[in-house]
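**Student:** Following is a predicted model, sequence given first.
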Amino acid sequence: MKKIKFLLFLLILSSCNKYLGTVDPDYSPKKEVTEIFSNDQIDENFTSITLNNILYPQLINPSLNVFEIKIDKISNTDKDSVFELINDKIILSKEDTIITIDNYNKIKIKYDLNLNKGEKVLNFFDYKNKIYIFTNRSRIFFIEDNNVIELANFEIFTNATPILIDKYLILLSVFGDIFEIKLDDFSISKKANFNSKPGISIKSNIFEDQENLYYLFNSGTLLTFDKKNYEYKDNYILEDLNILSSLRVFNELINTPFSFNNYLYFIDKSGKIAAYNPVTSEIFWEIDLNSTILNYQFSNNGYLIILTLENILILSNNGKIINSYTHNQESPKLFFNINKNIYLISEEGISSINFNNKSEEKFYKNKFSSNLEIYFKGLNIYLKDDKSLFKLSE
């Protein structure tokens, strides 16, 4: 009887082609080495690439030069710290303290901020040469001499950085309400409502095209405002893209889509990228890199530079991969491009990479923690993580 059972078991194995389990309809066994990109995604015709001025996500001063990096720690931070550069001053929050540091004479001043339980600073902004502080409970303070003065308390809960446009502050509540605060007299009025889609809270940029301003409330909710009157437009650009795209759903955008040659560029953390015209509903190109996207930069000559967990890729303005570099960093975080070199920031430090000869020229050792952010202001570069604020200098 045991021999019969054993023979039946062998027959079952052979009929299953030596695979036990559920097989998806489109399943094909993986080889030891997997080709990530198909041939039609790669353009081999580019022998040299010139990356011009970087436009997105932050404009980098074209006269900024970096040859030898020195990493200077400026101040301690925490996971909720907010940083800004206003009127040649560093403005930094840490718990219930505001710190200002003069960029010229390095004078540091600390201000006590009377915050309620659960309240934290969301951002700083400049209006008529005064520094204002905005919290997640929609309280507004400003710094005058050696004091922090409360100007308004709207008692509206928000996790999104407000949008500063001319003399107005556009406030987005956690419940999907849109308010407009007039900064001349701090009066407030409700303007509209929006439907929030599921998504991760991010620090969003505000980008624009000829007619609209775009802002990500979260990674899955794209808001559109009219550039002329700043009115909210109840449109469905992201939803329309998801209907038309062959790449499945874009639902975790890493930043607000930016505009180039009448197309909005959508970059999803999962590896999907699309150049889409919301007016004509035309997808110019789209690609799935099949790898998590961590960061990007876009130059004024149409090159998109992408950082993934394994590679730095350069895409042309028609979506073809024209150059790549395998960085071999275990914990890549951010990168920036200056003087034709790319600087990759990981947990252990900063690598200077020469794309032409595919090599790491120098490594600057420094420990970086989570939630790393980069800021460009004039000829200065700043890095902030959950523990420290750094300045990069020569």
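**Tutor:** Noted; the coordinates are in hand.
**Student:** Check the secondary structure at Leu241 for me.
**Tutor:** Assigned with DSSP: H, G, I helix; E, B strand; the rest coil, Leu241 falls in the helix class.
**Student:** burial of the residue lying closest to it once chain neighbours are set aside, as a residue count?
**Tutor:** Counting by C-beta to C-beta, 6 or more residues apart in numbering, Leu241 lies nearest to Tyr276, which is 5.0 Å off, once chain neighbours are set aside. (C-beta placed from N, C-alpha, C; glycine too.) Residues near Tyr276, counting by other C-beta atoms under 10 Å, number 23.
**Student:** which ones are touching Tyr276?
**Tutor:** Contacts were defined as C-beta atoms under 8 Å, 6 or more residues apart in numbering; by that measure Tyr276 touches 237, 241, 244-245, 257, 263-264, 266, 282-284, 286.
**Student:** What of Asn277?
**Tutor:** Residues touching Asn277, when contacts are defined by C-beta under 8 Å, 6+ apart, comprise 262-264, 283-284.
**Student:** With Phe363 instead?
**Tutor:** Under the criterion of C-beta under 8 Å, 6+ apart, the contact partners of Phe363 comprise 349-352.
**Student:** I'd guess it is in a strand, am I close?
**Tutor:** Yes: according to three-state DSSP, Phe363 belongs to a strand.
**Student:** what is it paired to in the beta sheet?
**Tutor:** When bridges are called by DSSP bridges, Phe363 pairs up with Ser351.
**Student:** And the pLDDT at it?
**Tutor:** Among the per-residue scores, Phe363 holds a pLDDT of 93.
**Student:** Distance check, it against Gly349.
**Tutor:** Counting by C-beta to C-beta, to the nearest Å, the gap from Phe363 to Gly349 is 6 Å.
**Student:** And for Glu360?
**Tutor:** Glu360 sits at a distance of 11 Å from Gly349 (criterion: C-beta to C-beta).
**Student:** Quick check: phi and psi on Leu238?
**Tutor:** Geometry field for Leu238 lists phi and psi as phi -70, psi -40, criterion degrees, to the nearest 10.
**Student:** Below-threshold pLDDT in the stretch 201-350 of the chain: ranges please.
**Tutor:** Of all residues in the stretch 201-350 of the chain, those with pLDDT under 70 make up the ranges 339.
**Student:** all helices of it, in order?
**Tutor:** Applying DSSP state H, counting those that start in this stretch to the stretch 201-350 of the chain gives helices spanning 237-244.
**Student:** Show me which of the contacts of Phe363 is closest to Lys387.
**Tutor:** Taking C-beta to C-beta as the measure, Lys387 sits nearest to Gly349 out of the contacts of Phe363, at 14.9 Å.
**Student:** Please name the residues that touch the closest one.
**Tutor:** Under the criterion of C-beta under 8 Å, 6+ apart, the contact partners of Gly349 comprise 363-368.
**Student:** Going by distance to Gly271, which of those wins?
**Tutor:** Minimum distance to Gly271 across the contacts of Gly349 is 23.7 Å, recorded for Phe368 (C-beta to C-beta).
**Student:** Would you mind splitting this structure into its domains for me?
**Tutor:** By the record's domain assignment, the chain is partitioned as 51-79+303-394, 81-193, 202-288 (automatic domain parsing).
**Student:** for the second one, the distance to its chain's centre please.
**Tutor:** So the one you mean is domain 81-193. Centre-to-centre, domain 81-193 and its host chain are 21 Å apart (C-alpha atoms, centre = their mean, to the nearest Å).
**Student:** Let me see the mean pLDDT of it.
**Tutor:** Domain 81-193 comes out at a mean pLDDT of 94.
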